[in-house]
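Student: Quick check, what structure comes out for this input:
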Amino acid sequence: MNSSVVKSIVLHLGIGGFLYASANIPPPAPKVMEVTLNSAIPTPDNAVSAVTVDQKQVEQKIAELQKKEKDKKSAEDKRIRDLERRAANAREQRESESRHIKKLEQERKAKEKETAEAQAQAKKARAIEQKERAKAKQAEKQKQEAESAAKAAADKRKTEEDALKKAEAERKKREIEAKERAAEAERKRQQAMQEQMLQEQLAKEQAARSKIRQQQVVSEVDKYRALIMARIQQNLLIDEKMKNQQCRVNIRLGFNGLVTQVKSLGGDKLVCEAALRAVRMADTLPVSKDKDVFEKLKNINLTIKPEF
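Tutor: Here you go, the predicted structure:
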């Protein structure tokens, strides 16, 4: 409770107690005036005069006393009325103070109740706020976890899609390369077939030409063999003892027909000796300028039979 309120209550209680005590104090008892008459026995004249004077004085004194008593009584009544008024005012003030104190107490209690309710509401609000903050924090955490999971899933999906795209690109590349290889193989096969056919054709033509050439070469070789034989026969010195005899000789010729070597391969001795002399005498023998024909003639074996 406020200290000023307590002081006010104590002050009013003190004033009220003082007024109550004042109102209950009984008024002082009126004093009886004692009149002492002259004890001497006056003379009759003096006695009458004295009694008359004294009676007036007494009456005057009584009137004064009565007036004083009345005034005193009026003053006492006024004092009592003042005390009663003051007591009533004090009571009213006490009641007012009591009402004020009660009102203050009610206001204090209402204030305390309001404060308690406000504190309870604030506590409840703080609890709700904390709960909401916790829920928001949990929601944010769940959101972040969901976002992280979604990002991880998206990254995984992108990685898988990239891998699939790469695999598809590789597959298409391999397919294209396989088609290209197949096309190239087919082209090469066709080309090989064509080349083979061409080669076969060329081979046939070459064979035909070679055959013709061989025939030509053989013919030329035979021709030059005959010429060589004729030259040797021209230089051959024969004898009857050589009749029906023969000798095989080997002759090596240079590109211009020069005899570089001649030797006997076996046969009749006389024929062989005569044949060797005939070859050496010839010195050069007929050869063809045709290389193929010359190749057949440069190292030639001949059978020499003397002609009679």
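Student: Could you use CA atoms for every contact and neighbour count after this?
Tutor: Fine.
Student: For the residue nearest in space to the middle of the chain, give its distance to Val221.
Tutor: Nearest to the mean C-alpha position of the chain, counting by CA atoms, centre = their mean, stands Lys151 at 6.1 Å. From Lys151 over to Val221 the distance is 94 Å, taken as CA to CA, to the nearest Å.
Student: Show the residue spans covered by the helices in the stretch 1-150 of the chain.
Tutor: Assigned helices in the stretch 1-150 of the chain, in chain order: 3-23, 44-235 (criterion: DSSP state H, counting those that start in this stretch).
Student: need the least confident one among these, by mean pLDDT.
Tutor: Lowest mean pLDDT within the helices of the stretch 1-150 of the chain: helix 3-23, a mean of 48.
Student: for the biggest strand by length in the chain, packing partners?
Tutor: In the chain, taking DSSP state E as the definition, the longest strand is strand 259-267. On a contact count with 3 or more CA pairs under 8 Å, 6 or more residues apart in numbering; DSSP states H and E, strand 259-267 meets strand 247-253, helix 269-282.
Student: what's the closest of these to Arg86?
Tutor: Between Arg86 and the helices and strands packed on strand 259-267, the tightest spacing by CA to CA is seen for strand 247-253, at 184.4 Å.
Student: Mind giving me the packing neighbours of the closest one?
Tutor: Where contact means 3+ CA pairs under 8 Å, 6+ apart, strand 247-253 is packed against strand 259-267, helix 269-282, strand 299-304.
Student: Turn the ones you listed into a markdown table, including mean neighbour count and distance to Gln93.
Tutor: Below are those laid out as a markdown table (neighbours: other CA atoms under 10 Å; distance: least, CA to CA, whole Å):
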| stretch | mean neighbour count | distance to Gln93 |
| --- | --- | --- |
| strand 259-267 | 16 | 177 |
| helix 269-282 | 20 | 186 |
| strand 299-304 | 16 | 173 |
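Student: measure the residue lying closest to Ser288 once chain neighbours are set aside to Leu258 for me?
Tutor: Nearest residue to Ser288 in three dimensions, chain neighbours excluded: Phe294, at 5.7 Å (CA to CA, 6 or more residues apart in numbering). Computed as CA to CA, the Phe294 to Leu258 distance reads 12 Å.
Student: Looking at those two, which is more packed in?
Tutor: Phe294 (21 against 17; other CA atoms under 10 Å).
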